[in-house]
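>>> Next comes the sequence, and after it the predicted model I'd like to discuss.
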Amino acid sequence: MRLLTFTAVLTVTTIAAGSALAGPVLDEIKANDSLICLVNPNSPGFSVPDSQGVFQGFNTDFCRMAAAAILGDADKADIRGIGFSDSMKTLVARGAHMASRSITATGTRDADVGMAFVATTFYDGQGFMVPASLGVSSATELEGATVCAEDGSTTLLNIADWFGDRGMSYRVENIADKTARLEAFFTGKCDVYASDVSALNSDRLLAEDPAAFMILPEVISAEPLTLVTQPDQELEAAIFWAFQVMLNADKFGITSENIDDVRADLDAQPQSVQRLFAEDGATAEMAAKLGLPQDWAYQVIGQVGSYSEVFERHLGSDTPFNIVLAETQNAPADQGGLMYAFPIR
Amino acid sequence: MTSVSAWAKDLFATPLAAFLTLASGAFMAWLGWHVLSWFVLQAVWPWQPAGACDVQSGLCWPFLVEKTRLILFGTYPFDLQWRASLASLLLLTLAVLTGFQMIGRARLPVLVFVAIWMAGLTLAVLLLGGGALGLSSVPSVFWNGLPILIFLAIAAIAGAFPVGVLLALARDQQTYPILRRFATIYIEVARGVPMLTVIFVGVFVLPLMLPTGTFIAPVPAVLVALIFFHGAYFAEDLRGGLQSLSVGQREAASSLGLGYWQTTGLVRLPQAITRSLPSLVNSIIGAYKDTSLVVVVGIHDMISTARMSFNDPDWRTQALEAYVFVGLWFFLSCAFLSAIGRRLQMERETDQL
C-alpha cells in the first residue's frame, strides 16, 4: 500500500508538477470533480430522500462536508443510497470513495482490507423503550420480559449479553419489518422494544400517545458510528480534519450563519479562530500539503455548518426527533460529552 | 323475480345458512364501513392543509400529492426524471403492444416485432442510464421505483420466454437424450430451489468466493436470476401444452414433408402455446410480482421507494397510504395482464371451433 501511494505520488508529481501532492483516492475525487458517498437509503433523520429524491439528513451532511472540503462545493457529493453489506463491498471494490451510514467502528471491521474508519460522528448505544404503565424504571428490572427486536442484527446479541450476564430470563419477538415491529410493541404484544437510542427517540413519537412510553436510562452497548473511506492517508486526513473544523467551530460559536461576519473581522477573533480561517492560517498550510482548496475550512462551515448546527438541523428540537444534544454523549467534551475538538495549528 | 326470492330462500334455508348469511353480512358491512371511512369520510383532501392528516385518521391526499413522484422515481435525479418517465412509458407501450399483438389487434410480422422489442429495450436502457447521445450518465443505483420494476419485469419475461421454449422442446424430444436430461435437471433444480435464495447467494455469497474487490452489480445479477428461474417455469407450462398434442399432429406434418423446425414452429408450438395459455398467463403475472423480490438485494423498486416516502421525518405516519398506492398499481397492472390472457384465450378458442 505504501508502495502504491508512493508510485501514485510520483506519477502525480511528474504529470502536474507544482500542484500539491495527494493520495490516489483523493486525486481521483479531484479528477472526477465528484465524491461518491454511500448512505443508508432509508434512515429517518440520518439519510432519507426528500420529495425531490435528494438525500437529506445527519449522515448525508458529512458527505457534503467532505465534498466541501475537498472540492469546495458541498453539492459535488454524489450521494447514493445502498444497503449495508453492499456499501461495504462497493467501498472495498473501489466503487465509492466514502460511506456515511451509521457504521459502528469495531476492531475486526477496521482490520479488514479496503476500508478505513476515520471520524466518529455519532456516539450511539442500544437502549430499551417500555410502556410507562409497565412500572419499570431500570433495565435491570426486566426479568421475564418479552422483547421486540430485529432479527439478525447485533441488537439481539447485545440483548443476550445483557440478560445473560444478569441471569434474567427473557423472550424475543422477532419481527423483521420495522413498522410491524413497532405496531406490535405499541399494541402490547411485547413489553420492551430494543433498538439504538437514536432510533428509539424518533420511534417513540410514532405512538398515538408518545407520553405513554418511556426510554430506560441504561445504554447497553457502545456504538461509535463512524465515517469510513477507502484507505488513503491524505483522504482520511482531509475528512478527519474537516470534521475537527466542525467541532472547533462549535467551541467558538461559529456557524454557517455568522461565518461571514467572523471572516470579515478576523483580527478581532481569538488566535485559534484566526488559525482556522485566515489566508495564512494553519488550515491554509494543511490545504497546501493535502491538496485541498485554500479556504476549505471556510467552505465546510459556510456550506454545511458546525457540528451542533448539523445535529440541530436534522435531529434537534425543530425536528420530530427532538433530541437534546447536551443530553447525549455527542455533547462537546467540556460539557460532559465525548466530542473533543482537536487543536488545529 | 322468482330467482331473487329463490336466492334469498337459499340464504336462510337452514339455521346454519341463516347464521352464515348474517355473520358474513355483518363482516361485509363492517369492512365496507371501514373502507368508506378511510377512503372518503375521514380522508384529508388534496386542497386541505397537510396538518389535518395528524387529526383525521383517513387517507391523506396531501401526502400522495407530495410524494407520488418520489414513489415513482425514487432518487433518480429530479431534473432528469423526464428520462425515467419516458423509459417507463416506452416499456409499458412495449408491454401493451405485445398484448395487442397476441390478441390480434396489432398484426406485425414477427421480425419487425422482435426488432421493435430490441430497439425499445435498448432505448429504455439508454434513457435510464445515459452516457451517450449527450445524455448525462445516471448509475443504475439511481434507477428506482417504477422504471426499474417495469424494466426488470419486462426484460425478465422477454428473456425467459425463449429460454422456456428451448427448454420445453429439449425436454420433449427423444433424439438427443443428453439434451433432454440436461433440460430436466435444469428445470428440476430451478423449481426445487427458492429464487430468493439464489438471488441472495449470487449477490452476497458469491463475491466472498471471488477475489477481494470483485463486486457483482445487483441489476444484471438479478436479471440473470429472474431469467434463469422464469425460463424453467415457462418451460413446464409449455411442456404441458406440447404433451397434450396428439402424435397425429407430428405424423401429419412429417407426411407433408416438414422438417423438425418447421413441424415445431408451424404446427406444434402454436397449438401448444394456445393450450398452455392459462398457466402461461399465470406464470407471467407471477414473474411480474416476483420482480419486487429484488428489494432484498438493495434495488429500490416501488416497495422501497414507498418506504422512503414515509420515512421522511415530516410524514412518518403515512405508511398505509404509501403501501395502498403501490398495491393499487400492482392490482391494476396485474388486472391488465389477466384481461389480455382472458381475451387471448377466447380468441384462440373461437379460432379452433
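Received the coordinates, thanks.

>>> what's around A:Asp110, how many residues?
Applying other CB atoms under 10 Å in any protein chain shown, we find 12 residues neighbouring A:Asp110. From N, CA and C alone the C-beta is placed, and that goes for glycine too.

>>> let me redo that: B:Leu123
Residues near B:Leu123, counting by other CB under 10 Å: 15.

>>> Excluding chain neighbours, what is closest to it?
Leaving out its chain neighbours, the residue that sits closest to B:Leu123 by CB to CB, 6 or more residues apart in numbering or on different chains is B:Leu90, at 6.2 Å.

>>> Quick check: which element contains that neighbour?
helix B:81-103 (DSSP states H and E).

>>> Just the buried residues of that helix, please?
B:81, B:83-85, B:87-88, B:90-91, B:94-95, B:97-99, B:102-103 (16 or more other CB atoms under 10 Å in any protein chain shown).

>>> Who are the contact partners of the residue nearest to A:Asp50 when sequence neighbours are not counted?
Leaving out its chain neighbours, the residue that sits closest to A:Asp50 by CB to CB, 6+ apart is A:Gln56, at 4.9 Å. Residues near A:Gln56 by CB atoms under 8 Å, 6 or more residues apart in numbering or on different chains: A:47-50, A:314.

>>> farthest pair in the residues you listed?
A:Pro49 and A:His314 (13.8 Å; CB to CB).

>>> who's in contact with the residue most central in space within chain A?
Against the mean C-alpha coordinate of chain A, by CA atoms, centre = their mean, the closest residue is A:Thr121 at 3.7 Å. A:Thr121 makes contact with A:58-59, A:62, A:100, A:225-227, A:243, according to CB under 8 Å, 6+ apart.

>>> Of the residues you listed, which is the most crowded?
A:Ser100 (33 neighbours).

>>> so it, which of the three states?
strand (DSSP: H, G, I helix; E, B strand; the rest coil).

>>> That one and B:Asp312, how far apart?
Using CB to CB, to the nearest Å, A:Ser100 is found at 19 Å from B:Asp312.

>>> Helix or strand: which one has the nearest residue to B:Phe330 once chain neighbours are set aside?
Of all residues not flanking B:Phe330 in the chain, B:Lys289 sits nearest, at 6.6 Å (CB to CB, 6+ apart). Assessed by DSSP H and E, B:Lys289 sits inside helix B:277-290.

>>> tell me what that helix is packed against?
Packing partners of helix B:277-290 (3 or more CB pairs under 8 Å, 6 or more residues apart in numbering or on different chains; DSSP states H and E): helix B:145-172, helix B:218-244, helix B:319-352.

>>> what's the least confident stretch among the ones you listed?
Ranked by mean pLDDT, those bottom out at helix B:319-352, which scores a mean of 83.

>>> hang on, B:Ile303 packs against B:Thr291?
No: using CB atoms under 8 Å, B:Ile303 is not in contact with B:Thr291, being 10.3 Å away.

>>> of the two, who's got more company?
Each of B:Ile303 and B:Thr291 has its neighbours counted (other CB under 10 Å); B:Thr291 has more, 26 against 20.

>>> Now do the more buried one against B:Ala155, distance only.
Taken as CB to CB, the span from B:Thr291 to B:Ala155 is 10 Å.

>>> what does stretch A:202-216 contact?
Against stretch A:202-216 from outside (CB under 8 Å, 6+ apart): A:44-45, A:127-133, A:136-139, A:182, A:186, A:193, A:195, A:197, A:200-201, A:320-322, B:313, B:316-317.

>>> which of these count as buried?
In the contacts of stretch A:202-216, burial by neighbour count holds for A:44-45, A:127-131, A:136, A:139, A:182, A:186, A:193, A:195, A:197, A:200-201, A:320-321, B:313, B:316, counting by 16+ other CB under 10 Å.

>>> so of the residues you listed, which ones are in strands?
Among those, the members found in strands (DSSP state E) are A:127-131, A:193, A:195.

>>> tell me which residues in stretch B:126-143 are buried?
Buried-residue list, stretch B:126-143, by 16+ other CB under 10 Å: B:127-130, B:138, B:140-143.

>>> Repeat that for stretch B:168-183.
Buried residues in stretch B:168-183, defined by neighbour count with 16+ other CB under 10 Å: B:168-172, B:180, B:183.
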